[in-house]
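> Can you look at this prediction? I've put the sequence above it.
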Amino acid sequence: MAPILLDLISQYPVLTALASYLSTVDLLHLGMTCRDYQAFILSPTQVFEALRRDCLCDGHGLRRRLDLDSRYKRSNYRGIIREDEELEVKLFATRCDEAGALPCLGCGINVCEECREYPRPPARPLYNDRRPHLNWNGLSENVFCLCAPCDTKLEVQLRGRFLNELCDCDRYRRWICLKCVREEETWAWDYYNQYTIREVDDVMPGHMIGGDTKFMRDGETHVLFHCTCDALVPMDARPRCSWCKRKHRPESEWDTEMREIQAIPTDDDGTYPFYDIHAVYAESYPSLAYDGPIYQAPLTDDNNR
């Protein structure tokens, strides 16, 4: 009698081969089909974690870019739209590289180069926003501050998880999926809404009800910080990154850090290079479907009007 699917799934070598042809979501759905499948795929958590390392990218990131969703409106944590991102001309000749995927640094699901989340337009030299906490207009974003006990506790939790002790997050080099980016944005949004207050005319910088707390520049004003335990934050507390939770360099070095970031080339870090008519990707642009008389008529002064 021919083996049924359950017989195949129960064999780990066959299961690993099957996982290499599925996305992580498809593998999860397969494991949730029935109790027998769940026992072999999902019940041992270590087995599912090992299987998903060989899974394919599911193409959701590229599909989001093709749909030109609202993330092309770049806004800060206050919801203010700063500008529209440039449209990607190359996008419509792009394909998801399913087999060339790497694990997302947040959830571990495999995503490819075209599906990972990062700004596609090259970083601008004068208005560089590669780092989460640095921006050209001096707004406070993607940082949080803790009191001394909470800061020490978090430092212990992060020990051994990163090669660098200080934050080195880079919008263009991070390998992360859209879902995890949205979770980071939600966390930062909630923190700023619950534990910070913007300086007003009748509040001195750093002064909150109950005592003095840390404040930082926020454009033309200041923003005052509370710890997530509602305690006041010492003035010498080092700000932390809301993405990786590691400490930033001292605030006195942020101007130097900005100059260092501006010196990074824009075509050696995975971003799109500036357009070059001799570049290989220029050949992959799709040709327009219409090639009628308008392209064959001789150029006259009327055509320039």
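Done, it's in. Residues are numbered from 1 along each chain as shown.
> Show me where the stretch 51-200 of the chain dips below the pLDDT cut-off.
Along the stretch 51-200 of the chain, the parts satisfying pLDDT under 70 run over 68-93, 123-127, 200.
> And the helices in it, which stretches?
With DSSP state H, counting those that start in this stretch, the ranges of helices along the stretch 51-200 of the chain come out as 60-66, 148-158, 178-195.
> can the ones you listed go into TSV with extra columns for mean neighbour count and distance to residue 29?
Heads up, the C-betas are built off the backbone N, CA and C, glycines and all. Below are those laid out as TSV (neighbours: other C-beta atoms under 10 Å; distance: least, C-beta to C-beta, whole Å):
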stretch	mean neighbour count	distance to residue 29
helix 60-66	17	14
helix 148-158	13	33
helix 178-195	16	16
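> Now do the domain split for the chain, please.
Following automatic domain parsing, one gets these domains for the chain: 5-55, 62-255.
> Same list, these, but as JSON lines with distance to residue 261 please.
JSON lines is the format used below for the domains of the chain (distance: least, C-beta to C-beta, whole Å):
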{"stretch": "domain 5-55", "distance to residue 261": "32"}
{"stretch": "domain 62-255", "distance to residue 261": "5"}
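> Which among those domains is found nearest to residue 263?
The minimum distance between residue 263 and the domains of the chain falls on domain 62-255, with 8.8 Å, by C-beta to C-beta.
> chain center to that closest one, what's the gap?
9 Å (C-alpha atoms, centre = their mean, to the nearest Å).
> Any idea how far apart the tips of it sit?
Across its full length, domain 62-255 reaches 35 Å end to end, with C-alpha to C-alpha, to the nearest Å as the criterion.
> for stretch 226-240, same thing?
Distance between the boundary residues of stretch 226-240 (C-alpha to C-alpha) amounts to 13 Å.
> phi, psi of residue 223?
Phi and psi for residue 223, reported as degrees, to the nearest 10, are phi -120, psi 140.
> I'd like the distance between the closest residue to it other than its chain neighbours and residue 225.
Nearest non-adjacent residue to residue 223, counting by C-beta to C-beta, 6 or more residues apart in numbering: residue 140, 4.7 Å away. Computed with C-beta to C-beta, to the nearest Å, the distance linking residue 140 and residue 225 is 9 Å.
> same check, this time on residue 231
Distance from residue 231 to residue 225, counting by C-beta to C-beta: 11 Å.
> With residue 174 instead?
On the measure of C-beta to C-beta, residue 174 and residue 225 end up 25 Å apart.
> what do you get for residue 147?
Distance from residue 147 to residue 225, by C-beta to C-beta: 10 Å.
> of the two, who's got more company?
residue 225 (26 against 21; other C-beta atoms under 10 Å).
> Tell me if I'm right that that one and residue 145 touch.
Yes: under the criterion of C-beta atoms under 8 Å, residue 225 makes contact with residue 145 at 4.1 Å.
> give me the number of residues near residue 162?
Residue 162 has 13 neighbouring residues, counting by other C-beta under 10 Å.
> Would you confirm that it contacts residue 241?
No: Residue 162 lies out of contact with residue 241 (C-beta under 8 Å); the separation is 10.8 Å.
> picking that back up, got any residues that touch both of residue 147 and residue 225?
Common contacts of residue 147 and residue 225 (C-beta atoms under 8 Å, 6 or more residues apart in numbering): residue 233.
> show me what contacts the residue nearest to residue 223?
By C-beta under 8 Å, 6+ apart, the contact set of residue 140 is 133, 216-218, 223.
> let's go with 7 Å and repeat that
By C-beta atoms under 7 Å, 6 or more residues apart in numbering, the contact set of residue 140 is 216-218, 223.
> tally of neighbours for the residue nearest to residue 56 when sequence neighbours are not counted?
Spatial nearest neighbour of residue 56, excluding adjacent residues (C-beta to C-beta, 6+ apart): residue 98 at 4.1 Å. Residue 98 is flanked by 16 other residues according to other C-beta under 10 Å.
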